[in-house]
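1. fold the following and give me the result.
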Amino acid sequence: MKKAAQFNEQDLSNTLWALGKLNHYDKAVVDELCEKAMKKAADFNEQELSNTLWSLAKLNHYEKAMVDELCEKAMEKAVDFNEQNLSNTL
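-> Purely as a prediction, here's the structure:
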């Protein structure tokens with residue numbers, strides 16, 4: 001995960017989504033991606049928020065601080081969520 005330091009919001013969200021879609025859980029990798037995502041959560045768009053929350057649920061990876069931060073940002077942007085974003089988040 002050397003390149004994770006260079007990941008933007010979409011890269012982080014897409015990587016977590018892909019891990020969830022593949023149902024491939026590597027705690028160390030997910031922890032590292034979550035650490036990076038926490039630093040960028042304020043800049044996540046609606047799709048990145050919903051995909052990341054979906055991924056964490058799919059992988060059964062619960063990091064309270066991460067989920068709380070993402071949920072807070074999702075609530076701030078909820079009026080802009082489309083149907084897919086809402087569905088992924090629930």
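2. so which residues of this structure form helices?
-> Assignment of helices within the chain using DSSP state H yields the ranges 9-22, 27-40, 46-58, 64-77, 83-89.
3. buried sites along the first one?
-> I take that to be helix 9-22. By neighbour count with 16 or more other C-beta atoms under 10 Å, helix 9-22 contains the buried residues 9, 11, 12, 13, 14, 15, 16, 17, 19, 20. C-beta: built from backbone N, CA, C; applies to glycine.
4. any idea how far that helix is from the middle of the chain?
-> How far helix 9-22 lies from its chain's middle: 7 Å, per C-alpha atoms, centre = their mean, to the nearest Å.
5. give me the helices and strands touching that helix, please.
-> For helix 9-22, the contact count by 3 or more C-beta pairs under 8 Å, 6 or more residues apart in numbering; DSSP states H and E identifies helix 27-40, helix 46-58 as packing neighbours.
6. average pLDDT across the last one?
-> Taken as a whole, helix 46-58 carries a mean pLDDT of 93.
7. can you check stretch 74-89 too?
-> Per-residue pLDDT over stretch 74-89 has a mean of 83.
8. which of the residues in that stretch are buried?
-> Those would be 74, 81, 85, 88, 89, for stretch 74-89 by 16+ other C-beta under 10 Å.
9. may I have that stretch exported as CSV, CA atoms only?
-> Output in CSV follows, covering the C-alpha atoms of stretch 74-89 (Å, rounded to 0.1, in the frame of the first residue of the first chain):
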residue,chain,number,x,y,z
ALA,A,74,-23.2,12.1,5.0
MET,A,75,-25.8,13.9,7.1
GLU,A,76,-24.4,17.2,6.0
LYS,A,77,-24.7,16.2,2.4
ALA,A,78,-27.8,14.0,2.6
VAL,A,79,-30.0,16.5,0.6
ASP,A,80,-27.6,16.0,-2.3
PHE,A,81,-27.6,12.2,-2.2
ASN,A,82,-29.2,10.4,-5.1
GLU,A,83,-31.2,7.2,-4.8
GLN,A,84,-28.1,5.0,-5.2
ASN,A,85,-26.2,7.0,-2.6
LEU,A,86,-29.0,6.7,-0.1
SER,A,87,-29.4,3.0,-0.8
ASN,A,88,-25.7,2.3,-0.3
THR,A,89,-25.6,4.3,2.9
